[in-house]
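Enquirer: Okay, here's the prediction I keep looking at, along with the sequence it came from:
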Amino acid sequence: MEGSVIQRPRGTRDLLPPETRLWLAVETVAREVFASFGGEEIRTPVFEATELFVRSVGEGTDIVHKEMYTFPDRKGRSLTLRPEMTAGVARAWIENRLGDRSQPLRLFYLGPMFRYERMQHGRYRQFSQIGLEIIGADTPLADAELLAAMHEFFVRLGFTDLQIHLNNLGDPEDRARYQEGIRVALTPRRAELCSDCQRRLEENPLRILDCKVPACQVIAADAPGVDDVAGDPSRQHVAGVEAHLQALGIPYVRNRRLVRGLDYYLRTVFEVVSPQLGTNAVLCGGGRYDRLIADLGGPAVPGVGFAIGEDRLVEVLPARFKDAVLARAALYLVPMGAAAENRALELARGWIRGGVPVELEITGRSLKAALKRADRDGFRAVAMLGDDELKAKTVTVRDLAAGNQSAVPFADLPAWWQALPPAREAARPE
RNA sequence: GUGAGCGUAGCUCAGCUGGUCAGAGCACCGGACUGUGGCUCCGGUGGUCGGGGGUUCAAAUCCCCUCGCUCACCCCA
């Protein structure tokens, strides 16, 4: 394109109507569902001290290593656009002494996150997450309730094909023992691993488990799972979560290869994947982080939470939900002639106050063109206002789905609108 | 950070062994149907062929550079 035209930064996108309606609808459902589980919304800054993410997400992670939007402010302080939200919530919990309130706290959030990555399908430099955190409860029941709220959210949107993957990451004390176990098991077959995994064998054996190279997968299948080596406390915890899920009838699969990319997770970790998404199929990721708040200098308070990728979610939204949101159930008021135009604004205001969504035709196009547009844009009905109608104090209303029309007195329009059947039922045979 | 592909009307693309190559469909506006939609027919608006440079009598078409986009790896939402 022309060099002089300013374009949006790489990895960002403009959300345009009508798609923004889908986003609003999804966010509304999230707020309703999470609030109904006792959640309250929390809003924290979009940028934080860089140190917060280094200490919480983990120095060795890719996120901190190469994906953060870090910059110095005018006083030279290092700030970073948040790459995820849990760290900010934990910081806010400590800073605002939320521990002084009755526990636990269920906090949900919606908003943009930032990671400096190469663009790819389902991956953006600015993306939005919807998340829920339960802080102040360390029971398996807390994890199960969190998963129930998440599940309910997806059900409410009409999803039927999502899979929940669950695993036990063990406790931090188990980690060293586990890494040693992997090394012992795989070192003899070191030569068969891909070059990345050979390096991982030294640096982070855990990651070998979710390597995508087929040969590595075969070898990794023989290695012990984290759960096989983990201590009793974490195994009992995750077993408890599973028992609750089974009792509730929430389907999930136990995936021993599931590993998460943030350092603070322990015990329960999970992902939700959509078969409709290709390479980046993870719609939601989460887990337990009982040491995070203490590690950030706060009291020893346990937490568990998840984050849903809103961009990916909207992309695979069930058609039924989308159709319902995108149908434009509004009345299109078309004035014909100068006198009608004067009256139309006033009528529209009255009807809008009466609860009718009214869009006024304001371009002066012909009635024929207006009807064509009404049809194309999915209006429920058209109200036509010309000299004849002005004289009779009525509008000619046309039910676009049924194809019939009638005269309705100005004052009766809201009642007429309320009595209109849904478009689907009114559809003409033909 | 690594590798591959693509950039022609608002959208999807054809044209790409250089010479009616500036086109089609959809969309948009209008007409046939002068106050009535969805079908059909007709007409119209709209493009520095991403940008710059080069080769040539001649470049959308070949070469170089650049910008942008996409996909995969890595990793994640």
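Expert: Yep, that arrived.
Enquirer: Just want the most central residue of chain A.
Expert: residue A:310 (2.9 Å; C-alpha atoms, centre = their mean).
Enquirer: Name the SS class of the closest residue to that one other than its chain neighbours, please.
Expert: Distances taken as C-beta to C-beta, 6 or more residues apart in numbering place residue A:128 nearest to residue A:310, at 3.9 Å, with adjacent residues excluded. C-beta coordinates here come from the backbone N, C-alpha and C atoms, glycine included. Three-state assignment for residue A:128 (DSSP: H, G, I helix; E, B strand; the rest coil): strand.
Enquirer: tell me which parts of the stretch 301-430 of chain A are close to RNA strand B?
Expert: The stretch 301-430 of chain A comes close to RNA strand B at residues A:307-309, A:311-312, A:336, A:365-369, A:371-376, A:384, A:386-389, A:396, A:398, A:400-401, A:403, A:405, A:428, as judged by C-beta under 7 Å from any atom of the strand.
Enquirer: Only the buried subset of those residues, as a PyMOL command please.
Expert: What follows is the PyMOL syntax selecting those of those that are buried according to 16 or more other C-beta atoms under 10 Å:
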select buried, chain A and resi 307+308+309+311+312+336+371+373+374+384+386+389+396+398+400+401+405
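Enquirer: Narrow the residues of the stretch 301-430 of chain A next to RNA strand B to those in strands?
Expert: Judged by DSSP state E, strands contain the following of those: A:307-309, A:384, A:396, A:398, A:405.
Enquirer: Kindly indicate which of those residues lies nearest RNA strand B.
Expert: Set against RNA strand B, the nearest of these by C-beta to the nearest atom of the strand is residue A:309 (2.2 Å).
Enquirer: Beta-bridge partners for that closest one, please?
Expert: Per DSSP bridges, the residues bridged to residue A:309 are residue A:129.
Enquirer: got a list of what it touches?
Expert: Neighbour list for residue A:309: A:122, A:127-129, A:282-284 [criterion: C-beta atoms under 8 Å, 6 or more residues apart in numbering].
Enquirer: What sits closest to residue A:289 if chain neighbours are left out?
Expert: Excluding its sequence neighbours, the residue lying closest to residue A:289 (C-beta to C-beta, 6+ apart) is residue A:264, at 4.4 Å.
Enquirer: ok but the one you found is inside a helix, no?
Expert: No: using three-state DSSP, the assignment for residue A:264 is coil, not a helix.
Enquirer: How about the contacts made by it?
Expert: Counting by C-beta under 8 Å, 6+ apart, residue A:264 touches A:56-58, A:86, A:289, A:291-292, A:295.
Enquirer: can you redo those as JSON lines with secondary structure, distance to residue A:241 and pLDDT?
Expert: Formatted as JSON lines, the contacts of residue A:264 follow (DSSP: H, G, I helix; E, B strand; the rest coil; distance: C-beta to C-beta, whole Å; pLDDT from 0 to 100):
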{"residue": "A:56", "secondary structure": "helix", "distance to residue A:241": "23", "pLDDT": "92"}
{"residue": "A:57", "secondary structure": "coil", "distance to residue A:241": "24", "pLDDT": "89"}
{"residue": "A:58", "secondary structure": "coil", "distance to residue A:241": "24", "pLDDT": "86"}
{"residue": "A:86", "secondary structure": "helix", "distance to residue A:241": "19", "pLDDT": "97"}
{"residue": "A:289", "secondary structure": "coil", "distance to residue A:241": "15", "pLDDT": "96"}
{"residue": "A:291", "secondary structure": "coil", "distance to residue A:241": "18", "pLDDT": "95"}
{"residue": "A:292", "secondary structure": "helix", "distance to residue A:241": "19", "pLDDT": "96"}
{"residue": "A:295", "secondary structure": "helix", "distance to residue A:241": "23", "pLDDT": "95"}
